[in-house]
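Undergrad: missing the sequence, but the structure's below:
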């Protein structure tokens, strides 16, 4: 399998988790794809966090609008493609006033370079941190026990569709 930067041809699992505070986290992930997980475990792994201002977040911790986040994601993935990068989007989680993008890369310099290339004014702050992949990968997939208990969908990512959930899950 050849990995793609945005995983357009992969199956993405889309699900949510609601911790004790009652505020959901919506997750779009291909961390369960064996080739993606293997690559992530053997290479550089990073989380790019976009923190929204308080007035841009609902009481449930979700963005009031995903328009700026969507433009940012499209621009970042476009910059990675244009650079011929070997940096791959693994998962995206949205909740608690943040959107986290999880990436894996053969070269740890590609993501910061792409990020720098799209510097512009945006209505949220951005922070990049790297670390061990396994704890994040485990959190970004449903365990076999969760799969038995939950209703979930494993479908290709949708580039079309409307509404907030379509934007959060389907991109």
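TA: Perfect, I can see it now. Computed from a predicted model, the values in this text were never measured in an experiment.
Undergrad: Please report how far residue 123 lies from residue 112.
TA: Between residue 123 and residue 112 the distance is 21 Å, computed by C-beta to C-beta, to the nearest Å. Using the backbone N, CA and C atoms, a C-beta is placed for each residue, glycine as well.
Undergrad: Ok, residue 134 next?
TA: Distance, residue 134 to residue 112, by C-beta to C-beta: 22 Å.
Undergrad: Residue 71: neighbour count?
TA: If you count neighbours by other C-beta atoms under 10 Å, residue 71 ends up with 13.
Undergrad: Assign a three-state SS to it, would you?
TA: Taken by DSSP: H, G, I helix; E, B strand; the rest coil, the conformation at residue 71 corresponds to helix.
Undergrad: And residue 145, by the same measure?
TA: Assigned by three-state DSSP, the conformation of residue 145 is helix.
Undergrad: What's the per-residue pLDDT of it here?
TA: The score at residue 145 is 78. That number is its pLDDT.
Undergrad: Give me the neighbour count for it.
TA: 8.
Undergrad: and it, what is it in contact with?
TA: Neighbouring residues of residue 145 by C-beta atoms under 8 Å, 6 or more residues apart in numbering: there are none.
Undergrad: For the chain, which segments count as helices?
TA: Using DSSP state H, the helices found in the chain span residues 34-42, 67-82, 110-117, 133-139, 144-149, 163-165.
Undergrad: could these go into TSV alongside distance to residue 14?
TA: Output for those, formatted as TSV (distance: least, C-beta to C-beta, whole Å):
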stretch	distance to residue 14
helix 34-42	15
helix 67-82	15
helix 110-117	23
helix 133-139	15
helix 144-149	13
helix 163-165	9
